[in-house]
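Chemist: predicted coordinates and the sequence they were generated for:
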Amino acid sequence: MNEELRTLLQPSLQDQQAFDLKRRPWPLGRQFWVALFGGVLALGVVAIINAKRLGLEAAKLKLMVLVTLSALVFVFGFAVLLARFPELAFSDKPTQMLRIVSRTRALIAYVLLSQIQKQAARIYETLHDYASIWRVALIAIFALGTMQGAFVILVYSLAGGSL
Amino acid sequence: MSEDALLLAQHYIDIAQFDKALAQLERSATTHFEDAEYWRLRAHALYKLERYEDGVTAAHQGLERDPNYVWLLYTLCRIEADRGDSAAAERAILSALELEPENINFLARYGILLAEAKHLKKADKLIAYAERLDADHQYVNHARTMLEYYKGNTKEVMRRGRERLAQDPNDVAAKMFLAAGLGESRRFREAAKHANSVVSESPESKEMAEYARELRLLNHPLLLPLWPLQRFGSIAVMIFNLVLFMVFMAFGFINFAMIIIVLHFILVIYSWTMPYILRLYFKWRYG
């Protein structure tokens, strides 16, 4: 056996976890609805859990955490900005503007997060079926979406914005 | 006579009659209990019947009798891979490669295993090594095409599929790759043509049968209104409609803007409900 082949035949998969049917990932496309109705926090949590189930490496998981955190910082930052400069709102209801910006930012985060997961998802779906996302999505949208909304309103109010 | 029993079991496996192969093996169990080949055939038949746990047990039984039976190790690798245990699959294939380091089938199989475990760079190097040994080997070609598919090189997958089909119009793997590539490119009608051809030649391939059914569904006339979603994806259509909405609003065409929203809403509801209804109908009609 030559040196090149000897190197290639070194084991690489011995630390891989065996596939667990109870922890199947969810389809990437469905995460779009979590982003649209739940916002950044709901999307981030669902996407990161999904990425772990897809077996993404630590570096990519950290990147996903970074994308989620930066999107959250943007949303909170915009809330502060809107409180200081209410003329930025295109209507007399600044909370509507906050909601639109928050959802738009979540959709942008979705595009980035789904790109990170895309290759792993492509490999996964040739081998196994996805799990249904609906229960998790509803919990994420209601629980985390409401939590994010409440925090955004709180930050807006503390920054001097009027509701 | 006793060898005929194993040959008959192999024949049943070759024509995808795995239940019959198993029955044949059970009839000859007492004669061939210590024969590693018996256990390989048994493991293979169980694997094809998706009885993975039993398949692994059978493979280990065979390896107790002949630990150096490379094709049994290869079969064990395939079962463990499909069962989702990449580590066990790797141990099996590396054991086979230790005994036959330049076996093309084993190298290609290990390449596919690495690709499935998302070790794409190493898979690339390994398959490239196998290609240097025999670039025209069918299984090496298969492994390279699978790797390109996993990397997302749909054009390369389709090019390879077409190339192989030009050499051999009956190449089932080439048709499967073409069907997958065309489906990815949202050319569902063409994809369906190749998928249906695969299903008619290899009816035991459940995944392909399901894929062909899905493509038939996507080509149904009742789903014609969903063509923009199928062709460009739901996100692109949503962004397009959002931009249209904002443009109409900016120019004061409130009614047009509302029409866009209503139409998009109807399209979304239709895309959720009609495929589901059609799937129920297909299930009721065709089983």
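Modeler: Nice, thanks for sending it over.

Chemist: what number of residues lie near B:Ala212?
Modeler: Using other CB atoms under 10 Å in any protein chain shown, B:Ala212 is surrounded by 22 other residues. Every C-beta, even on glycine, is put in place using the N, C-alpha and C of the backbone.

Chemist: spatially nearest residue to it, not counting backbone neighbours?
Modeler: Leaving aside its sequence neighbours, B:Ala212 sits nearest to B:Ala195 (CB to CB, 6 or more residues apart in numbering or on different chains; 3.8 Å).

Chemist: you'd agree that neighbour is up against B:Met208?
Modeler: Yes - applying CB atoms under 8 Å as the test, B:Ala195 and B:Met208 come out as touching, 6.2 Å apart.

Chemist: okay, now the unreliable bits of the chain?
Modeler: Here I'm looking at chain A. For chain A, residues meeting the criterion pLDDT under 70 lie at A:90-91.

Chemist: the chain in question should be chain B.
Modeler: Where chain B drops to pLDDT under 70, the residues are B:1-2, B:204, B:287.

Chemist: quick one on the thing from earlier: now do the shared contacts for B:Ala195 and B:Met208.
Modeler: Overlap of the contact sets of B:Ala195 and B:Met208 (by CB atoms under 8 Å, 6 or more residues apart in numbering or on different chains) consists of B:176, B:179.

Chemist: on that earlier part again, which residues does the helix or strand that contains the residue nearest to B:Ala212 contact?
Modeler: Assigned by DSSP states H and E, B:Ala195 belongs to helix B:188-201. Under the contact criterion CB under 8 Å, 6+ apart, helix B:188-201 has outside partners B:170, B:172, B:175-176, B:178-183, B:205, B:208-209, B:211-212, B:215-216, B:218-219, B:230.

Chemist: if you look at stretch B:222-242, does any of it touch chain A?
Modeler: Yes - using CB under 8 Å from any CB of the partner chain, we find that stretch B:222-242 touches chain A at B:234-235.

Chemist: what are the buried residues along that stretch?
Modeler: Across stretch B:222-242, burial judged by 16 or more other CB atoms under 10 Å in any protein chain shown covers B:223, B:226, B:229-230, B:234, B:237-238, B:241.

Chemist: just put those in JSON lines and tack on secondary structure.
Modeler: JSON lines is the format used below for the buried residues of stretch B:222-242 (DSSP: H, G, I helix; E, B strand; the rest coil):
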{"residue": "B:Leu223", "secondary structure": "helix"}
{"residue": "B:Leu226", "secondary structure": "helix"}
{"residue": "B:Leu229", "secondary structure": "helix"}
{"residue": "B:Gln230", "secondary structure": "helix"}
{"residue": "B:Ser234", "secondary structure": "helix"}
{"residue": "B:Val237", "secondary structure": "helix"}
{"residue": "B:Met238", "secondary structure": "helix"}
{"residue": "B:Asn241", "secondary structure": "helix"}
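
Chemist: relative to chain A, which of these is nearest.
Modeler: B:Ser234 (7.1 Å; CB to the nearest CB).

Chemist: need the contact list for the closest one.
Modeler: Taking CB under 8 Å, 6+ apart, we find B:Ser234 in contact with A:29, A:32, B:268, B:271.

Chemist: thanks a lot, catch you later.
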